[in-house]
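Q: need coordinates for the below:
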Amino acid sequence: MIVNNDVPMRRTAIDRQITACKGAPLPDDDLLDGHLRSLLDEAASAISGIEFGEATNGQPAQITAERPGYSSTFDPAYVSATGEPRAFRTSALLHEILHASCDRAYVKPDIQELDFCNFHVVVPAPVTDQAIIAELKGQRETVTANIGKAGKALEADRGRLISDTTRAHLNARFTYALALPNVHYDTVLFELLVYLALQNAQASPTFQFLKKLSVEAADRRGDDSGRIQAI
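A: Down below sits the predicted model:
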């Protein structure tokens, strides 16, 4: 077999869905940060368990658990109030795909309210509502603190790579994450790394700080009991 090492790697299943949602195409792998490449590999592994369909429902993309698989809608006409439309459609789609990976990776009691939780919820037996609530509260507080630090990193980043439009979009997505921190942490971090890559801002301090948070999250998904760590 002849292998041409000059041909850049593409994740064709992801590329097809990005085309379907009229998103911005991802850069070739050799132009992407190594951690972001690993997240895209994770998304590529999860995508086969998701059934996609177009919908005009006021959401750029939205995933639903359909045990044992998942279904996700996307709106190819969606326009964000803050972000560049095509870049946001791509990052939002990938956000939803990572939801499926997180849902499978994180250990938690088998109750619907914990679907798509972005951290392990491990409590000693007998499992009680009070124990679950206490565990969620502690980790949500850490998520909130980490997102707050990300906001401060963005505020301090006055380099030319972060435009005013990008700054407004990231702040809006931080607010989105904080509204439901138990399900919008790993996924929002991934989404924003993708968005910044599409804005040619991988060298920015903001990207590097978000990457630090995302590396911690990815490592935790590979564990079976680790709690989210403050960064």
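
Q: in the chain, which ranges drop under the pLDDT threshold?
A: 1-8 (pLDDT under 70).

Q: look up phi and psi at V215.
A: Backbone torsions for V215, taken as degrees, to the nearest 10, come to phi -60, psi -40.

Q: residues contacting it?
A: H35 (Cβ atoms under 8 Å, 6 or more residues apart in numbering). The way it works is simple: take the backbone N, C-alpha and C, and place the C-beta from them, glycine included.

Q: from S48, how far out is it?
A: 25 Å (Cβ to Cβ, to the nearest Å).

Q: what do you get for H169?
A: 30 Å.

Q: whichever helix in the chain runs longest packs against which elements?
A: In the chain, assigned by DSSP state H, the helix with the most residues is helix 129-156. Packing partners of helix 129-156 (3 or more Cβ pairs under 8 Å, 6 or more residues apart in numbering; DSSP states H and E): helix 164-179, helix 205-221.

Q: would you map the helices across the chain?
A: 12-20, 34-46, 85-105, 129-156, 164-179, 186-198, 205-221.

Q: which one of those lies nearest to A230?
A: helix 129-156 (5.4 Å; Cβ to Cβ).

Q: tell me the contacts of the spatially most central residue of the chain?
A: Centroid-nearest residue in the chain: T187, 2.2 Å away (criterion: Cα atoms, centre = their mean). Applying Cβ under 8 Å, 6+ apart to T187 gives the contacts H95, E96, L98, H99, C102, N118.

Q: follow-up on the earlier one: more neighbours, H169 and S48?
A: Legend: neighbour count by other Cβ atoms under 10 Å for H169 and S48, higher for H169 (23 against 9).

Q: mind listing what that one touches?
A: Per Cβ under 8 Å, 6+ apart, neighbours of H169: S80, T82, G83, E84, F88, Y195.

Q: which one is the second one nearest to, not counting chain neighbours?
A: Distance criterion Cβ to Cβ, 6 or more residues apart in numbering; nearest residue to T82, sequence neighbours excluded, is H169 at 4.1 Å.

Q: how far away is that neighbour from C21?
A: Applying Cβ to Cβ to H169 and C21 gives a distance of 18 Å.
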